[in-house]
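**Q** sequence and computational prediction follow.
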Amino acid sequence: MQIKIPFKKQQFDAREEAIIDAVNRLLSEKGYDLMTMDDVSDAVGIAKGSLYKHFSSKEKLAAAALTRLLNATVAELDSLSADLPALAQIRHILAWSLRLRLQGGVPHLPSTSLTLQRSLMLNLEYVMVALKVHKRFHAMVARAREQGALTPLVPDDVLVYTLYSRACDPTMEFLLRDKKLSHEQIVDAMVHATIGGFLSEQARAQF
């Protein structure tokens, strides 16, 4: 039996998605510390009172945006075939995150704001999904190392944290501003530049 969602609930959920989309853009453009609740309500085109019906604070807004991103990352990882070599999985998830960034779906990393880091550590939902993503990334890197695709000169932590940071690399803004490369050319170049330094000699010959 199909459960019909009430129209008001659909409207509420759609507005919440629009709010999170706006928060993503504002976090990317202004950063967490400069973003205000007024900025968000203005960007969505709703009264601040309506915004507070969805999120009671800036901290909860940022946590919701970052949690949605991490849940989308888990879903993308789940979509990958288990038969796909680990290096191909790493390349795929990096390219996916870069395309998402080009669409405005990736805000800056929490490391850009100490205040944001502290508030996120108090958000159980965010912490749980962040740990899940971190574990999945490390498992993917470990498989790639077992398959002989990675150089022993670069520790796993360096590779994992590089994957996180690349999705928020300001290089993307400069490349977009220059308008010399298409979106796919930017993604391909960034993936090649990122992964190339982590490859074993054997994998480098096939890259």
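**A** All right, it came through fine.
**Q** below-threshold pLDDT in the chain: ranges please.
**A** Low-confidence segments of the chain (pLDDT under 70): 1-5, 7, 108-109, 111, 207.
**Q** list the helices and strands the strand or helix carrying Val74 packs on?
**A** In this structure, Val74 sits in helix 58-79 according to DSSP states H and E. Packed against helix 58-79, as judged by 3 or more C-beta pairs under 8 Å, 6 or more residues apart in numbering; DSSP states H and E, are the following elements: helix 7-29, helix 37-44, helix 86-102, helix 114-120, helix 124-146. C-beta coordinates here come from the backbone N, C-alpha and C atoms, glycine included.
**Q** most tightly packed of the ones you listed?
**A** helix 86-102 (a mean of 19; mean count of other C-beta atoms under 10 Å).
**Q** can you list contacts of that one?
**A** Residues from elsewhere that reach helix 86-102 (C-beta atoms under 8 Å, 6 or more residues apart in numbering): 69, 72-73, 76-77, 80, 84, 106, 140-141, 143-144, 146-147, 149-150, 163, 166-168, 172, 176, 183, 186-188, 190-191, 194-195, 199, 203.
**Q** how close does Leu98 get to Leu163?
**A** Applying C-beta to C-beta, to the nearest Å, one obtains 10 Å for the distance of Leu98 from Leu163.
**Q** how about Ala193?
**A** 13 Å.
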